[in-house]
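> Show me how the following folds:
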Amino acid sequence: MLTTMLKAKLHMARVTHAVLNYEGSCAIDGELLDMSGIRENEQIQIYNVENGQRFTTYAIRAEEGSRVISVNGAAAHLAGEGQRVIICSYAQYTDAELDAHEPALVYLKEGNVISHTSNAIPVQLA
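Predicted structure coming up:
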């Protein structure tokens, strides 16, 4: 049996571009892709913190160090420039792989600069 688990997350990224007349996808700074382990052409989920929209697309590489998060194509209607988003990827793991699985969590601050990284989401307190 396979279990679908969070593989990687870019938390609180700021959309820098929303380009409607583009083939599609989401361009992400290459350094952020590498840090998170999200691969080019990998399916990603984008969660718009500002308006609650959630959608699926795929990642493409933007210039390293550019801090670009560009939501392209039809998805540009769902996340506009300046809005905060959470970008996640998921993978399927066997039971044997689950014991060693740790997601790559990359937390961003203004300007899409890395604040810190982690492999565990803190326990939510009541």
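> Buried ones in the longest helix seen in the chain, by neighbour count?
In the chain, with assignment by DSSP state H, the single longest helix is helix 30-36. Across helix 30-36, burial judged by 16 or more other C-beta atoms under 10 Å covers 30, 31, 32, 33, 36. Backbone N, C-alpha and C define where each C-beta goes, glycine included.
> who touches the residue nearest the centre of the chain in this structure?
By C-alpha atoms, centre = their mean, the mean C-alpha position of the chain lies nearest to residue 87, the distance being 2.2 Å. The contact partners of residue 87, by C-beta atoms under 8 Å, 6 or more residues apart in numbering, come to 9, 10, 13, 26, 28, 38, 44, 45, 46, 47, 59, 69.
> who's in contact with the last one?
By C-beta under 8 Å, 6+ apart, residue 69 lies in contact with 10, 13-17, 26-29, 32, 62, 85, 87, 112.
> Farthest pair within the residues you listed?
10 and 17 (15.4 Å; C-beta to C-beta).
> So which of those two has more stuff around it?
More neighbours surround residue 10 than the other of residue 10 and residue 17, with 28 against 16 (other C-beta atoms under 10 Å).
> how about the biggest strand by length in the chain: buried residues?
Looking across the chain with DSSP state E, the single longest strand is strand 2-14. By neighbour count on 16+ other C-beta under 10 Å, the buried set for strand 2-14 is 6, 7, 8, 9, 10, 11, 12, 13, 14.
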